[in-house]
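**Student:** I would like to see how this sequence folds:
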Amino acid sequence: MTDTVLKFATTMSLTRIKPGQNPRRYFDQGKHDELVAGLRARGMLQPILLRPDSAGDAYLIVAGGRRYKAALEVFGVDGEVPVVIRAMSDQEALEAAIDENDNREDASETEQADAAVRVLAACQGDRAEAARRLAWSPSKLDRRLALANLADRVKAALDERMIKVGHAELLAAVPTDKQEKALDTILINNLSVAKTRELLMRVTQSLAGAQFDKGECTTCPFNSATQRALFATHVDDGYCTNPGCFQLKTEAEAAAVAKAEGKPEKIAKGAVVPAAEEVVTPAAVPPAAPAATVTKPAKVAPPAKPAPKVAVTADKIIGLATVQRHNAWRAALEQMAEGDPEVAAAFEAHLRDVWQVDKAFLSRFGKDELKFVAQECGLVDHMGAKAFAKLLDAPLNKIIDGMLNATGFSWAGRLPSAITLDGKYSPPPAAPAFSEKD
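**Tutor:** So this is what the prediction gives:
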């Protein structure tokens with residue numbers, strides 16, 4: 001931090017003071033009440049650290065946010081409090097606020113984590129420089145940055161001391177979209193850190209038995225070895241805590257092996273991975289035996305009234321026979337193609353011109369079918385198994401949008417096996433090669 005000249009002001013009206021970017025999110029009500037009582041009895045003994053607000057004649061709080069809130073309650077908006085004013089940049093103010101919070105009790109690890117992300121960004125990703133500015137050890141910086149990926153509700157639960165740091169460290173090893181359900185399980189069942197760890201172990205996959213290339217796993221945040229290096233609380237070493245990614249990689253490897261062996265190109269199922277919801281559902285915890293109850297006889301619903309008859313039309317018949325109709329057309333076209341290969345080639349070429357994978361097509365499928373289409377059409381290889389597994393955890397409409405708008409990927413000319421005559425995936429035609437004469 002650069003040397004600056006301090007300018008003292010005996011007191012300043014609270015109307016000229018504005019909250020700054022304090023990393024603290026949670027303020028304990030009991031501590032606040034004690035501070036209010038102290039101000040009423042003795043006044044404010046320690047001044048608030050301020051810096052000028054470039055937007056006007058007000059001043060921003062650098063350190064002393066709790067004192068400011070208590071002073072408003074005790075003295076009102078027109079009250080005056082002792083202050084110290086220092087010229088600071090945004091970055092200097094952030095680092096000073098973090099240092100102030102570090103030296104006070106009840107500082108939240110997740111508040112430090114979010115602040116550390118901002119400092120690291122200001123240092124252009126230089127972790128050594130960020131640790132120096134924060135006056136932290138490199139290992140403390142790594143631990144806080146790992147906690148920055150916690151879901152907002154998990155962060156709030158730790159801020160409010162609803163869970164322990166050990167709970168948060170374990171949840172940091174779970175994909176973000178599963179953390180809130182896991183948090184609900186912890187809170188509903190009042191699980192200890194040890195019990196939470198036990199439940200997480202049920203959905204991990206042993207990397208020792210993985211059939212795919214584990215090169216990416218060495219630096220993956222969902223590799224338990226990474227967690228072990230960061231936290232005292234972690235699952236056993238050598239396990240994957242992201243079942244979705246593990247399953248996707250297993251199936252991709254099985255499909256590649258099947259193709260190499262000349263077997264039909266279909267997505268072979270790999271090891272069965274327990275659903276991630278197994279750990280995040282309260283049902284995962286054995287419930288207490290229910291008290292004896294008297295079962296009342298179920299009410300019998302009155303018979304439903306018959307639906308009104310709908311007039312029969314040609315369109316209705318076509319709608320009911322759509323599958324059979326299309327199958328008949330396809331069979332006839334296949335017979336024509338067997339006698340004349342040019343027919344099949346012409347059909348496929350025309351199909352590429354008039355049809356493309358779109359929202360209407362993908363909306364007919366569930367997550368498993370969408371994953372199949374993405375794998376056979378090359379989208380999974382393009383995005384990477386880990387990125388696609390993350391996409392697959394989103395709602396269906398978000399998955400479809402993500403598939404159709406994947407950066408750098410074009411669906412043009414790609415015919416899924418469900419569309420082609422022979423039931424095999426047909427890639428887009430290769431670009432014509434040009435000679436030097438061209």
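
**Student:** center of the protein, which residue is that?
**Tutor:** Compute the mean C-alpha point of the chain, and by Cα atoms, centre = their mean the closest residue is residue 176, 3.8 Å away.

**Student:** That one reaches residue 149, doesn't it?
**Tutor:** Yes - with contacts counted by Cβ atoms under 8 Å, residue 176 reaches residue 149, the gap being 6.3 Å. The way it works is simple: take the backbone N, C-alpha and C, and place the C-beta from them, glycine included.

**Student:** how many other residues sit next to residue 389?
**Tutor:** When neighbours are defined as other Cβ atoms under 10 Å, residue 389 has 22 of them.

**Student:** wait, residue 211
**Tutor:** Here the number of neighbours of residue 211 (other Cβ under 10 Å) works out to 12.

**Student:** That one in helix, strand or coil?
**Tutor:** coil (DSSP: H, G, I helix; E, B strand; the rest coil).

**Student:** My reading is that residue 170 is in a helix; is that accurate?
**Tutor:** Yes - assessed with three-state DSSP, residue 170 lies in a helix.

**Student:** I'd like to know how far it sits from residue 381.
**Tutor:** Per Cβ to Cβ, to the nearest Å, residue 170 is found 32 Å from residue 381.

**Student:** quick one: which of those two has more around it?
**Tutor:** Comparing residue 170 with residue 381 by other Cβ under 10 Å, the one with more neighbours is residue 170, at 25 against 13.

**Student:** Distance of residue 61 relative to residue 72?
**Tutor:** Distance of residue 61 to residue 72, computed by Cβ to Cβ: 12 Å.

**Student:** my bad, residue 110
**Tutor:** For residue 110, the distance to residue 72 equals 26 Å [Cβ to Cβ].

**Student:** Could you check which of the two has the larger neighbour count?
**Tutor:** It is residue 110, of residue 110 and residue 72, that has more neighbours when counted by other Cβ under 10 Å, with 23 against 15.

**Student:** Quick check, residue 93 in contact with residue 19.
**Tutor:** No - using Cβ under 8 Å, residue 93 makes no contact with residue 19, being 12.0 Å away.

**Student:** Find residues that contact each of the two.
**Tutor:** residue 60 (Cβ atoms under 8 Å, 6 or more residues apart in numbering).

**Student:** of these two, who's got more company?
**Tutor:** Per other Cβ under 10 Å, whichever of residue 93 and residue 19 has more neighbours is residue 93, with 22 against 10.

**Student:** What pLDDT does the model give residue 296?
**Tutor:** At residue 296, the pLDDT value in this model is 45.

**Student:** Same check on residue 110?
**Tutor:** Reading off the confidence values, residue 110 has pLDDT 80.

**Student:** which residues does it contact?
**Tutor:** Going by Cβ under 8 Å, 6+ apart, residue 110 touches 25, 147-148, 150, 154-155, 158-159, 168.

**Student:** swap the cut-off to 10 Å and go again
**Tutor:** 23, 25-26, 144, 147-148, 150, 152, 154-159, 165, 168 (Cβ atoms under 10 Å, 6 or more residues apart in numbering).

**Student:** same check, this time on residue 126
**Tutor:** 120, 132-133.

**Student:** what's the closest of those to residue 260?
**Tutor:** For these, the closest approach to residue 260 (Cβ to Cβ) belongs to residue 120, at 43.3 Å.

**Student:** so where does the closest one fall, helix or strand?
**Tutor:** Using DSSP states H and E, residue 120 maps to helix 109-122.

**Student:** Which of the contacts of residue 110 are buried? Put it as a ChimeraX command.
**Tutor:** Buried subset of the contacts of residue 110, written as a ChimeraX selection, criterion 16 or more other Cβ atoms under 10 Å:
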select :23,144,147,148,150,154,155,156,157,158,159,165,168
